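A.B. asks: sequence unavailable; structure follows:
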């Protein structure tokens with residue numbers, strides 16, 4: 001069989017249909033190896049002058065380009081946001097600045113529309129005391145926390161309220177603004193001391209100073225309409241802690257209140273030296289940069305020297321719980337509104353702990369010597385002689401608001417000082433306490449209801465040891481006025497706020513009092529004699545009739561005065577009648593005031609009473625001792641006196657001897673005297689004579705330390721004058737001699 005030869009050895013071989021059309025290297029002649037020809041073709045088409053760029057450099061170029069584009073977009077967006085925010089803030093700032101520069105009525109109208117406030121829902125006092133300022137002056141401070149419901153109508157402030165005349169672009173612009181305010185949610189204010197002063201004065205004459213104790217959050221409410229102001233669901237409760245400090249110039253405050261009352265409104269200006277407002281709540285400033293919502297704190301506005309005029313309406317003539325007032329009437333006097341409901345004065349001899357009394361115990365001498373400062377007793381304990389308990393009430397116009405007031409423990413024991421005017425001096429004014437003498441230290445506990453403030457007072461009469469010499473005279477005049485059914489002026493002050501002096505009226509008793517009762521004269525003896533006297537007024541007529549007798553009387557203290565007293569001296573000034581006193585012709589006696597007191601003498605005699613004009617019928621004589629009558633007394637409490645149902649207080653039985661007291665014949669009544677003497681001489685039965693007049697008694701209260709003027713008296717002595725009395729005496733027969 002013939003042998004086959006290789007194709008290479010003999011001419012062209014026959015074409016194989018599976019062989020590639022283009023020749024390839026035998027090493028690369030395998031399936032899938034077609035990339036090399038493509039790369040060679042690319043090399044042939046590439047220009048030999050074009051350099052090759054590494055891959056990492058290309059990526060860097062792409063990143064840089066993207067970053068620049070993003071930064072440009074970010075800056076553009078920020079600039080657009082700033083311009084957009086300014087388009088909202090600028091109108092708001094213009095309106096606010098316009099309100100600050102406007103008059104009080106326009107400014108008040110703007111703020112009432114811009115800031116909706118309802119309440120207060122609660123008022124809590126957390127502190128009450130005094131602090132020193134940088135100048136060393138002390139000021140009263142009240143720490144209050146007031147809860148109110150409030151919101152800012154941002155549509156009104158920023159002029160974003162919808163209108164039918166708005167274009168499509170304006171509507172979109174306002175919608176974006178409301179969305180931005182809603183995202184912000186609230187703002188927070190930081191401020192220095194706020195000064196409130198009368199609009200016609202300067203900020204250097206404040207009537208009130210306020211200081212916020214923490215940042216104040218203010219909620220923002222977009223999308224409100226005027227109708228929404230009448231609804232409250234959108235309001236947010238905000239608690240505002242602040243400190244109130246009234247001015248030390250009480251004259252300025254009173255003048256401002258009086259003028260405001262007359263005009264029916266109060267014009268004030270509010271001054272804030274510094275004010276900072278930033279976005280978000282009070283904790284927004286502590287949010288770190290990486291936390292969501294930190295953008296709010298970047299919205300910040302600082303302003304200085306802010307003046308806000310306000311006009312406050314005063315409902316003068318329709319105050320709830322107050323008596324009706326006519327237009328043009330003056331500011332109601334607290335003396336006419338304060339009512340003393342009940343009081344009690346009782347003796348106490350045991351030592352009292354300082355905890356039972358106000359923490360500040362004023363010294364009489366320090367109070368009387370300085371009209372603008374109050375010093376305090378530094379005794380570890382004090383032994384008061386008389387304890388005082390009282391209930392008073394005062395109307396208020398706040399209605400149900402008082403149920404939201406929480407005074408806390410700070411107001412459970414407020415110290416007050418009650419002072420009496422010095423006799424024979426002009427009526428003291430609120431700014432002149434030098435004419436009044438502190439007498440009683442009390443602590444007050446107020447209780448509120450919807451109509452009145454009821455005040456419980458408890459304290460003690462201040463000791464007489466360091467009192468001025470005029471103190472017994474002041475107390476004597478006060479008690480005498482009370483017993484004579486007359487009101488008396490008193491001054492009420494507090495160590496917490498010394499400049500404030502409230503003048504009030506201590507009311508008379510509910511009915512006229514009969515302090516001297518059962519007055520009778522026994523063992524009366526009338527005889528001729530010669531009298532000697534330096535008082536020429538009592539000897540205008542020849543006085544040669546002398547009377548001697550024993551006087552008995554019962555001194556009945558008013559209800560509520562339960563103190564142990566003793567009567568050391570007695571003095572009477574009375575008319576003598578022929579026969580018993582007739583009730584058909586009542587006589588009013590105007591007793592004279594007390595004479596001045598010498599430093600080294602006993603209490604002076606009261607001035608004799610003026611004779612009634614006309615002289616009562618059947619009155620023929622007058623008995624006026626020239627000296628005090630020494631007296632003895634015995635005191636019995638109510639339960640031992642059988643007077644439980646009479647409404648009287650403790651009784652003191654008094655006895656005094658009258659020896660050779662002149663019987664002055666009244667002008668033009670010699671015939672009446674002769675008729676009376678004739679009846680006495682020729683009657684076998686005692687002849688009844690009536691006596692009517694006024695008396696004075698000197699009483700001492702155990703425990704009251706005597707003043708330096710009275711070292712002989714153990715206990716402070718009070719002289720009560722102008723005490724009316726009347727009685728009968730049997731003359732002749734077995735009862736007397738002539």
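C.D. replies: Everything's here; your move. Not measured: the values here are computed from a predicted model. Numbers count the residues shown, from 1 in each chain.
A.B. asks: which stretches of the stretch 151-300 of the chain have low pLDDT?
C.D. replies: Counting by pLDDT under 70, the stretch 151-300 of the chain shows low-confidence ranges at 284-295.
A.B. asks: break down it into its strands, ranges please.
C.D. replies: Using DSSP state E, counting those that start in this stretch, the strands of the stretch 151-300 of the chain run over residues 186-191, 194-198, 208-212, 216-221, 236-246, 265-279, 300-313.
A.B. asks: would you tell me what the next helix or strand after the helix or strand of the chain with the lowest mean pLDDT is?
C.D. replies: Lowest by mean pLDDT, DSSP states H and E among the helices and strands of the chain is helix 364-369, with a mean of 33. Per DSSP states H and E, the first helix or strand lying C-terminal to helix 364-369 is strand 386-395.
A.B. asks: what's the longest helix in this protein?
C.D. replies: Longest helix of the chain, by residue count under DSSP state H: helix 55-101.
A.B. asks: what angle separates it from strand 300-313?
C.D. replies: 20 degrees (axes from the mean of the first three to the mean of the last three C-alpha atoms, to 10 degrees).
A.B. asks: which strands and helices lie in contact with helix 55-101?
C.D. replies: helix 104-114, helix 154-157, helix 168-184, strand 300-313 (3 or more C-beta pairs under 8 Å, 6 or more residues apart in numbering; DSSP states H and E). Every C-beta, even on glycine, is put in place using the N, C-alpha and C of the backbone.
A.B. asks: quick check: which of those is buried the most?
C.D. replies: Of the helices and strands packed on helix 55-101, the one with the most neighbours on average (mean count of other C-beta atoms under 10 Å) is helix 154-157, at a mean of 22.
A.B. asks: contacting residues around that helix?
C.D. replies: When contacts are defined by C-beta atoms under 8 Å, 6 or more residues apart in numbering, helix 154-157 is touched by residues 92, 95-96, 113-114, 160-161, 178, 181, 220-225.
A.B. asks: ok, how many other residues are close to the nearest residue to residue 240 once chain neighbours are set aside?
C.D. replies: In this structure, residue 240 finds its nearest non-sequential neighbour in residue 146, 5.2 Å apart by C-beta to C-beta, 6 or more residues apart in numbering. Per other C-beta atoms under 10 Å, the neighbour tally for residue 146 reads 16.
A.B. asks: could I get the helices and strands packed on helix 55-101 in CSV, plus columns for distance to residue 270?
C.D. replies: Listed next are the helices and strands packed on helix 55-101 as CSV, based on distance: least, C-beta to C-beta, whole Å:
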stretch, distance to residue 270
helix 104-114, 10
helix 154-157, 18
helix 168-184, 25
strand 300-313, 4
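A.B. asks: which one of the ones you listed lies closest to residue 393?
C.D. replies: strand 300-313 (27.3 Å; C-beta to C-beta).
A.B. asks: could you say what helices and strands the following helix or strand past that closest one packs with?
C.D. replies: Following strand 300-313 in sequence order, the next helix or strand is helix 334-337 (DSSP H and E). Applying 3+ C-beta pairs under 8 Å, 6+ apart, one finds that helix 334-337 makes contact with strand 386-395, strand 501-506.
A.B. asks: of all those, which one comes closest to residue 548?
C.D. replies: It is, among the helices and strands packed on helix 334-337 and with distance given as C-beta to C-beta, strand 386-395, at 37.4 Å.
A.B. asks: can you list the strands that the closest one pairs with?
C.D. replies: strand 339-347 (antiparallel), strand 452-461 (antiparallel) (DSSP bridges).
A.B. asks: which of those strands sits most buried?
C.D. replies: Per residue and on average, the most neighbours among the strands paired with strand 386-395 fall to strand 452-461, with a mean of 19 (mean count of other C-beta under 10 Å).
A.B. asks: could I get the full set of helices for the stretch 551-700 of the chain?
C.D. replies: 670-682 (DSSP state H, counting those that start in this stretch).
A.B. asks: where do the strands of it begin and end?
C.D. replies: 561-562, 566-578, 619-623, 629-636, 651-665, 687-700.
A.B. asks: looking at the ones you listed, spot the one closest to residue 172.
C.D. replies: Evaluated over the strands of the stretch 551-700 of the chain, closeness to residue 172 peaks at strand 561-562, with 82.9 Å, by C-beta to C-beta.
A.B. asks: what is that closest one packed up against?
C.D. replies: So strand 561-562, by 3+ C-beta pairs under 8 Å, 6+ apart, packs with strand 339-347.
A.B. asks: so the strand it packs on versus strand 501-506, what angle?
C.D. replies: Angle, strand 339-347 to strand 501-506, by the same axes, to 10 degrees: 80 degrees.
A.B. asks: any residues touching strand 339-347, and which ones?
C.D. replies: Contacts with strand 339-347, where a contact means C-beta under 8 Å, 6+ apart, come from 385-394, 454, 461, 506-507, 560-564, 701-703.
A.B. asks: could you redo the last one with a cut-off of 7 Å?
C.D. replies: 386-393, 506-507, 560-564, 703 (C-beta atoms under 7 Å, 6 or more residues apart in numbering).
A.B. asks: got a winner among those for most neighbours?
C.D. replies: Counting neighbours by other C-beta under 10 Å, residue 563 leads the contacts of strand 339-347 with 22 neighbours.
A.B. asks: walk me through the domains of this protein.
C.D. replies: 76-313, 334-506, 516-731 (automatic domain parsing).
A.B. asks: on that earlier part again, which residues are in contact with the residue nearest to residue 240?
C.D. replies: By C-beta under 7 Å, 6+ apart, the residues touching residue 146 are 120, 123, 240.
A.B. asks: the first one reaches residue 144, doesn't it?
C.D. replies: No - at 9.8 Å, residue 120 and residue 144 do not qualify as touching, with contact defined as C-beta atoms under 7 Å.
A.B. asks: which residues touch residue 107?
C.D. replies: Going by C-beta under 7 Å, 6+ apart, residue 107 touches 99, 100, 308, 309, 310.
A.B. asks: so can I have TSV of these showing distance to residue 300 and pLDDT?
C.D. replies: Compiled in TSV, these are given as follows (distance: C-beta to C-beta, whole Å; pLDDT from 0 to 100):
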residue	distance to residue 300	pLDDT
99	21	74
100	19	72
308	21	85
309	26	85
310	26	84
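A.B. asks: dump these to a markdown table, plus distance to residue 494.
C.D. replies: As requested, those are exported to a markdown table (distance: C-beta to C-beta, whole Å):
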| residue | distance to residue 494 |
| --- | --- |
| 99 | 39 |
| 100 | 37 |
| 308 | 32 |
| 309 | 33 |
| 310 | 29 |
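A.B. asks: ok, back up a step: among the strands of the stretch 551-700 of the chain, which gets the worst mean confidence?
C.D. replies: The stretch with the lowest mean pLDDT among the strands of the stretch 551-700 of the chain is strand 561-562, at a mean of 78.
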